[in-house]
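In: Below are the sequence and a predicted model; questions follow.
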Amino acid sequence: MITPEITSFSAIQEWVGLYLLQQGYEIPNWAIFEHIHSLDFNAVNSKIETITSPAILQSYPDWLYSRLEDELGKSRWEKEAVFLNQPADVFLRVNTLKVNPNKLVALLAEEGIQAETVKPLPYTLRLLKRQNVFRSAYFKQGYFEVQDWSSQQVVPLLNPEPGMRIIDACAGAGGKTLHLAALMKNKGKIIAMDTEGWKLKILMERANRAGITIIEPRVIDSSKTIKRLYDSADGLLTDVPCSGLGVLRRNPDTKWKLNNEAIERTRLIQQEILENYNQVVRKGGTFVYATCSILPAENENQINAFVDKNNAYDLMSTKTIYPSESGADGFFMALMKHQN
């Protein structure tokens, strides 16, 4: 609940000024801040300590803070709430079809871009200083893509190999599709699907830049698009629509646009994808479900319900990447295997 002391707009302005002072910023010489200009640091801290709502302190809507606290647990969510307000690092995924990571580090250094390799994946780089890498000559030549460290953990779960036939059913603009192609050494077949044709157009432009030729784009314009692919794939990747609660550092306005109804609508879409798309996987094939959310309702709850209902799949593993532990985006991923 919002405390009575800050229910008016002028009071909210006061708390903004107090917070800026506490963080070491100089506040403008505006009339709305006149009565707090004379406060010393201890007085600022004392006033801020009178705020009793952690949602206000961390700048989250009350309903969202409470829901995440309920689903994740108080201790876990308190850590994530703080970390999701911190600036996000920039990670690159090296296109190993064109260059090896150490060589790219050296090439970027020549352009004044400092980067380092990051475990556990051998082709992940992190920028030591935030810079506009899209101006790099090596980006334009397809040597790398900007992709978060957590996002890069998803595709390897499928264990993609050259010659496989894999369906990326929620491909979007293709970050993970390109990752698949690189791990498959540009050999085999990837069917990249999405309900938005313009996203697939961007994907193919990126594929051309990366030197990738094994991707076939298909717009999902009816249920028949999926049915035509039943029992045809060695692997299925579904990076499903979600609330985006794991990537609030990159999209902080998301938390003010969401509501419980929107999350529920998204959950129903996720369920539909799980129930209908899984049928494209051959016996013995693998199925990966992923979200950029840390909300259990979208993650383990969805997968447990699916596996309990669908006897054709065994749940092999699940993984939640928490921003406070990884320094990267929040992600969830589950690996399932179609029984023989």
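Out: Noted; the coordinates are in hand.

In: Tell me which helix or strand comes right after the worst-scoring helix or strand of the chain on mean pLDDT.
Out: Across the helices and strands of the chain, the lowest-confidence element by mean pLDDT, DSSP states H and E is helix 41-48, at a mean of 60. Next helix or strand after helix 41-48 toward the C-terminus (DSSP states H and E): helix 54-58.

In: Now do that next one: which elements does it pack against?
Out: Judged by 3 or more CB pairs under 8 Å, 6 or more residues apart in numbering; DSSP states H and E, helix 54-58 is in contact with helix 62-72, helix 74-83. C-beta here means a position set from N, CA and C on the backbone, and glycine is covered the same way.

In: Quick one: the strands in this structure, in order.
Out: Secondary structure of the chain (DSSP state E): strands located at 91-94, 115-117, 124-127, 144-146, 165-168, 189-194, 215-219, 233-239, 281-291, 313-321, 331-338.

In: closest to residue 57 out of those?
Out: Closest approach to residue 57 among those is made by strand 313-321 (24.6 Å; CB to CB).

In: Quick check: buried residues in that closest one?
Out: Buried positions in strand 313-321, judged by neighbour count with 16 or more other CB atoms under 10 Å: 313, 315, 320, 321.

In: That strand pairs with which strands, parallel or anti?
Out: Strand pairing for strand 313-321, determined by DSSP bridges: strand 331-338 (antiparallel).

In: The strand it pairs with - what's its average pLDDT?
Out: In this model, strand 331-338 has a mean pLDDT of 98.

In: tell me the centre residue of this protein?
Out: Centroid-nearest residue in the chain, with CA atoms, centre = their mean: residue 292, separated by 3.5 Å.

In: who touches that residue in this structure?
Out: Contacts for residue 292 (CB atoms under 8 Å, 6 or more residues apart in numbering) come out as 150, 151, 239, 242, 244, 246, 247, 329, 330, 331.

In: can you check residue 157 too?
Out: Going by CB under 8 Å, 6+ apart, residue 157 touches 286, 288, 317, 333, 335.

In: cool, and residue 164?
Out: The neighbours of residue 164, taking CB under 8 Å, 6+ apart as the test, are 184, 188, 189, 234, 235.

In: low-scoring stretches of the chain, by residue?
Out: Applying pLDDT under 70 to the chain flags residues 1-15, 22, 35-52.

In: Outline the domain layout of this protein.
Out: Domain assignment for the chain by automatic domain parsing gives 1-52, 91-146, 151-338.

In: Need those in CSV (columns: distance to residue 59).
Out: As requested, those are arranged in CSV below (distance: least, CB to CB, whole Å):
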stretch, distance to residue 59
domain 1-52, 9
domain 91-146, 22
domain 151-338, 8
